[in-house]
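**Q** Okay, here's the prediction I keep looking at, along with the sequence it came from:
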Amino acid sequence: MELERIAAGHWRGTEEHQVGGWLLRAAEGFTGRANSALPLGDPGMPLDDALAAVTDWYRARGLPPMIQLPKPRDTEQQGQNLDHYLNERSWSLRPGPAFVMTSDLPLPGLRRDDVPSGVEVTAAEEPDDAWAAMYHYRGQDRLPRIARSVLTSAQHQSFISLRKDEELLAIVRLSIANSWAGITAVEVNKAHRRQGLGAAITAAACREAKSRGITSVFLQVESTNAPARALYEQLGFRYSHEYHYRVAPA
């Protein structure tokens, strides 16, 4: 799937290795995408041998062998076959399947007043301490040291914040690679939720991407996160595909 090839350049492992057409990624366990194999294409060997190669590579790094499985909304037989093959061999489902959504820029649902009055939009090439402190990947209180390497792994990235009177209200990471923009790490200050800041920070990221000449953007959202999905639909994002992970038996 071409969009997953594109996305692989936006959120990379600190180690990467090819097994034929499969991309293996590792980053000390920080995030699923950066610590899973992406099976796009022929691994260049029998499937059992490819799974053994994946398993050995991850276990040599102290990581659970894991494979990311994109599933287009219009069924793709190859992906289904691999998912069924892994299920038969007791590769378990990892919680948290997600949708990938896309839009052209500018966003169709963007309004001129998306950023509230008095709120300052800032952007930096590196995440400052306040930005990093607000980003809670899967509820983690503190990011591991490897996180900064993953966050800055794209060809270009911008760490965007909404601030008012020096208080940090919301953050997002905008990445640019392969002629696409990617939106990740969206967080809103708990004390300021339900005030339209999710839309505002997304709009700010898309404006930044548009200013750099980018015309296509993607993001991912957990399948069960209905409020976020509704927000992105309202802004004009469309569903591309869903993906989940399979983890090898211990």
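**A** Yep, it's here. Numbers count the residues shown, from 1 in each chain.

**Q** can I assume E126 sits in a helix?
**A** No - E126 is assigned coil when assessed by DSSP: H, G, I helix; E, B strand; the rest coil, not a helix.

**Q** per-residue pLDDT, it?
**A** Confidence at E126, expressed as pLDDT, is 96.

**Q** That one is in contact with A132, isn't it?
**A** No - applying CB atoms under 8 Å as the test, E126 and A132 come out as separate, 9.5 Å apart. Every C-beta, even on glycine, is put in place using the N, C-alpha and C of the backbone.

**Q** who has more neighbours, those two?
**A** Neighbour count, other CB atoms under 10 Å: between E126 and A132, A132 has more, with 17 against 12.

**Q** Now do the contacts for that one.
**A** By CB atoms under 8 Å, 6 or more residues apart in numbering, the residues touching A132 are 143, 147-148.

**Q** picking up where we left off before, need the overlap of contacts for E126 and A132.
**A** R148.

**Q** thinking again about what came up before, what remains of the contacts of A132 if I keep only buried residues?
**A** Taking 16 or more other CB atoms under 10 Å as the criterion, what is buried in these is 143, 147.

**Q** From the contacts of A132, pick the one nearest L219.
**A** A147 (18.8 Å; CB to CB).

**Q** Would you mind stating the distance between T224 and P43?
**A** Using CB to CB, to the nearest Å, we find T224 at a distance of 31 Å from P43.

**Q** Let me see the ranges of the strands in the chain.
**A** 15-19, 22-26, 37-39, 66-72, 92-93, 98-104, 120-124, 156-164, 167-177, 180-188, 216-222, 238-247 (DSSP state E).
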